[in-house]
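Provided below for reference: sequence and predicted model.
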Amino acid sequence: MNKKTLTAPCGLDCFNCPIYEGNITEEDKKQISESLKIPVEEAPCKGCRAEQGRCKFALNKECATWNCVQQQGVSFCYECHCFPCELLMPSKQGAQFPHNMKVYNLCRMRCNGHDAWIDESAIIRKRYYEGKYAAGKGPSIEDK
C-alpha cells in the first residue's frame, strides 16, 4: 500500500478511512450498498486518486477540490498559492466526518513532510474522533 498515493489532495488519509477497500467490513459494505442503492461490490472506496475525485457519498458527483487541484497543477492543496481556501473551510456538518481535519493535515504535511505526517495520521484521526477536548490544549487521548 502506497500511503502517499492513498492521501487525497485535500489532506484526507484514505488509507485510514473505514470505507477504504483495505479497511471496510462486510457489515459496512452492506450498509453502504443499501443506503446508496449500489451493488455491494461497489461499496468499498479505492481512495480519492484512484476514484479520480469521485466520492460515493456525494453520489459520484465531481469534487470541487479535486478539480481545483487538477487546474492548479499541484498534488496537494498546501502546494497551491491560495492555500487555505474556502473549499477546505471547516463546517459544523463536516465535524461528523474527517472533513474538518483537512487543513490541519495539510499544514502538518507542509511543515514536517508527507512521510512524517503519514506516521502520525492514525493518532491525529484518533484524537479527532475520540479525544477529549480541552480549551487551549485541543483534543487529547487520556489514559484509561
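Nice, I can see it. Numbering: from 1, shown residues only.

Next, the residues that contact the helix or strand hosting Asn105 from outside, please.
Following DSSP states H and E, one finds Asn105 within helix 102-112. Contacts with helix 102-112, where a contact means CB atoms under 8 Å, 6 or more residues apart in numbering, come from 7, 10-13, 76-78, 83-84, 88, 90, 116-117, 120-121, 124. Every C-beta, even on glycine, is put in place using the N, C-alpha and C of the backbone.

For PyMOL, what selects the buried ones among these?
Only the buried members of the contacts of helix 102-112 end up in this PyMOL selection, burial being decided by 16 or more other CB atoms under 10 Å:
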select buried, resi 7+10+11+12+13+76+77+78+83+84+88+117+121+124
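
In contact with Asp131, which residues are there?
Quick fix: residue 131 is Gly, not Asp. Gly138, Pro139, Ser140, Ile141.

Including secondary structure and neighbour count, could those go into CSV?
Listed next are these as CSV, based on DSSP: H, G, I helix; E, B strand; the rest coil; neighbours: other CB atoms under 10 Å:
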residue, secondary structure, neighbour count
Gly138, strand, 11
Pro139, strand, 14
Ser140, strand, 11
Ile141, coil, 11
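
How far does stretch 56-75 sit from its chain's centre?
Mean-position distance between stretch 56-75 and its chain equals 13 Å (CA atoms, centre = their mean, to the nearest Å).

re earlier: widest-spaced pair of the contacts of Gly131?
By the measure CB to CB, Gly138 and Ile141 form the most distant pair in these, at 11.3 Å.

With that, I have no additional questions.
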